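> here's my sequence, what's the structure:
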Amino acid sequence: NAPHMPSIASRFRGQLAILALSSAALSAIAADPLVEISRACPGVVVELRYATTRNVTGKLIYPPNARALLRPSVAERLNRAQQFVHERGFSLKIWDAYRPAYVQRVLWNAVRNPAYVVEPSRSGSLHSWGAAVDVTLVDFRGREARMPTDFDSFSEAARYDYKGNDPEIAFNLSLLKRAM
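Purely as a prediction, here's the structure:
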């Protein structure tokens, strides 16, 4: 993903929805305060997986009472995506949003693969800017829609361009891509 492109690209179930932004755009975003997804995005389900052991490390990384945070401009886009999927019988479920630098280091140390986790640096990942979410779909009962992989799957199936042959998974993945 070229950092100068003003588009949204997404990888799903392991799936990272990334806002590909320029440095100037990131600086502008950083000036905005973080907002809590549960307040700014009604209807979006939040389950921070790094506040559980259901992640690549198998350990709690966030405290159990951690909040999912984003920049307001990203929350606005998330609301539009939520409306899109809601009209089609689903809701978004957020597994991660703003990620402190120390968490990015923990993840890098666990995975050490730049195809899936950004190596910690002075600029950090888009999660560290509050400009990205890990997201999936749930039905109105809160059950996760079938996707190519679960959260924190660092495999070919978790890539944005996954091309499986299961029609239900293909539909769900396509819907999420269109929404994001």
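> could you point out the longest helix in the chain?
If you go by DSSP state H, the chain has its longest helix at helix 72-86.
> what lines up beside the helix or strand that it is followed by in the sheet?
Sequence-wise, the next helix or strand downstream of helix 72-86 (DSSP states H and E) is strand 90-96. Using DSSP bridges, strand 90-96 pairs in its sheet with strand 45-46 (parallel), strand 132-139 (antiparallel).
> and for the shortest one, what's in contact with it?
Contacting residues not belonging to strand 45-46 are listed as I37, S38, A68, S91, L92, K93, I94, V138, G142 [CB atoms under 8 Å, 6 or more residues apart in numbering]. The C-beta positions use only the backbone N, C-alpha and C, and glycine is treated the same way.
> right, and the fourth one touches V85 too?
Yes. Taking CB atoms under 8 Å as the definition, S91 is a contact partner of V85 at 6.4 Å.
> overlap of the contact sets of these two?
Joint contacts of S91 and V85 (CB under 8 Å, 6+ apart) are L137.
> so which of those two has more stuff around it?
The neighbour comparison of S91 against V85 (other CB atoms under 10 Å) goes to V85, with 23 against 17.
> list the residues that contact the nearest residue to that one once chain neighbours are set aside.
Once flanking residues are discounted, V85 sits nearest to A179: 4.9 Å by CB to CB, 6 or more residues apart in numbering. Counting by CB under 8 Å, 6+ apart, A179 makes contact with A81, Q82, F84, V85, L92.
> could you redo the last one with a cut-off of 6 Å?
Contact analysis of A179 by CB atoms under 6 Å, 6 or more residues apart in numbering lists A81, F84, V85.
> just give me the closest of the residues you listed to S125.
Lowest distance from S125 to the contacts of A179 (CB to CB) belongs to A81, with 20.0 Å.
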